[in-house]
Each structure stands twice: as C-alpha cells, then as structure tokens.
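Chemist: Sequence first, then the predicted structure, then my questions.
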Amino acid sequence: METTYYKSPIGTLEIKGDKNGIQSILFDKNDIETSTEVPDSLQNCITQLDEYFSRERTEFNLKLNPKGTNFQQKVWGELLNIPFNKTRSYLEQTKALGDVKAIRAVASANGKNPISIIIPCHRVIGSDGSLTGYAGGIWRKKWLLEHESGNKQQSLF
C-alpha cells in the first residue's frame, strides 16, 4: 500500500492505493505538507484531482478498491451513479438500492465511504434539500456542491 498527500482547496487529502486501485482518499486532520514524491500507482489520481479542482474534469476514470462489507460496496457503487452537478436524497438513494426500509443503513454506509470526492457521497442530501451528514464536514460538502454547480452562494453579511 502506498500513500501520498494532496493539497486541495478544501484541505489536505491522504490518498492510499496500489496497483489494485485507490483504497482511500480521506481528509487529513493534521493538514500536513503535501508529498513531493508521488508513487506511480497514485499519479493518475493526483492528475484527475487537479483536473477536477480546476473544473476540467466532471468524471473520474480510476480503478477503485475501497474496503468494506458487501452492503457498503453496493451503496458506494450506487453513489457512483449520481451524475456530476446533481444531487440525490438519502431516500432516493435507498430506493435506487431497492429497499426503502434500509435508509439508516444506507446513510451509515455513506458516512463510511473511504474514497471522498471520487465516490461522491457529498451529492447525497436531505429530502428537504438540506445539507446533512458529511464526514469531511458540512462546509466541505457545501463547497464541493458549489464547485460542481459553478455557482457560489453569496453571503448577505
């Protein structure tokens, strides 16, 4: 397993993976300096994140290898079906998975998504349109959604 750090507009990301794919992209709480040496297995991920943050990329084309239960894998796979600049409610996501009674389990699996940004759990919102639950913090979820829409909410104050 190889690791690198990537300085994004919303904080440092710790990226782990190998020839089998990206295993995790998590916000680094220590916000350490970025790596100068990027392992070959992670270079394409860095390139695609650069393109995403510069608004040149709307879809990622990376081999992913997140670790989780079969249920979590199913939920994360469904997250990949949410298009760029679109959102889906937790209920809509649960319906897409075929079991509306599993809404809490689906929300829990979203919260355990190990590949931030690329597996777009930030695109899942409350049924009322509210920004709820994001392991990276609501402010990052808001930033990512605004980034994808190309609009930035203006503050009155």
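Modeler: Done, it's in.
Chemist: State the next helix or strand along the chain beyond the longest helix along the chain.
Modeler: Longest helix in the chain by number of residues (criterion: DSSP state H): helix 40-53. For helix 40-53, the following helix or strand on the C-terminal side (DSSP states H and E) is helix 70-79.
Chemist: Could you give me the buried positions within the longest helix of the chain?
Modeler: Neighbour counts over helix 40-53 (16 or more other C-beta atoms under 10 Å) mark 41-42, 44-46, 48-49, 52 as buried. Heads up, the C-betas are built off the backbone N, CA and C, glycines and all.
Chemist: what's the farthest-apart pair in the residues you listed?
Modeler: S41 and Y52 (18.8 Å; C-beta to C-beta).
Chemist: Phi, psi for T94 please.
Modeler: Per-residue torsions, T94: phi -60, psi -40 (degrees, to the nearest 10).
Chemist: tally of neighbours for it?
Modeler: A total of 21 residues lie near T94 under the criterion other C-beta atoms under 10 Å.
Chemist: Can you list the low-confidence ranges for the chain?
Modeler: 31-36, 151-157 (pLDDT under 70).
Chemist: What segments of it are strands?
Modeler: Secondary structure of the chain, counting by DSSP state E: strands at 2-8, 11-18, 21-27, 88-89, 124-125.
Chemist: Turn the buried residues of helix 40-53 into a markdown table, columns for distance to A96.
Modeler: As requested, these are exported to a markdown table (distance: C-beta to C-beta, whole Å):
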| residue | distance to A96 |
| --- | --- |
| S41 | 32 |
| L42 | 31 |
| N44 | 29 |
| C45 | 26 |
| I46 | 31 |
| Q48 | 25 |
| L49 | 26 |
| Y52 | 24 |
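Chemist: which among these gets closest to K112?
Modeler: C45 (20.1 Å).
Chemist: quick one: contacts for that closest one?
Modeler: Listed by C-beta atoms under 8 Å, 6 or more residues apart in numbering, the contact set of C45 reads 15, 17, 22, 25, 62, 118.
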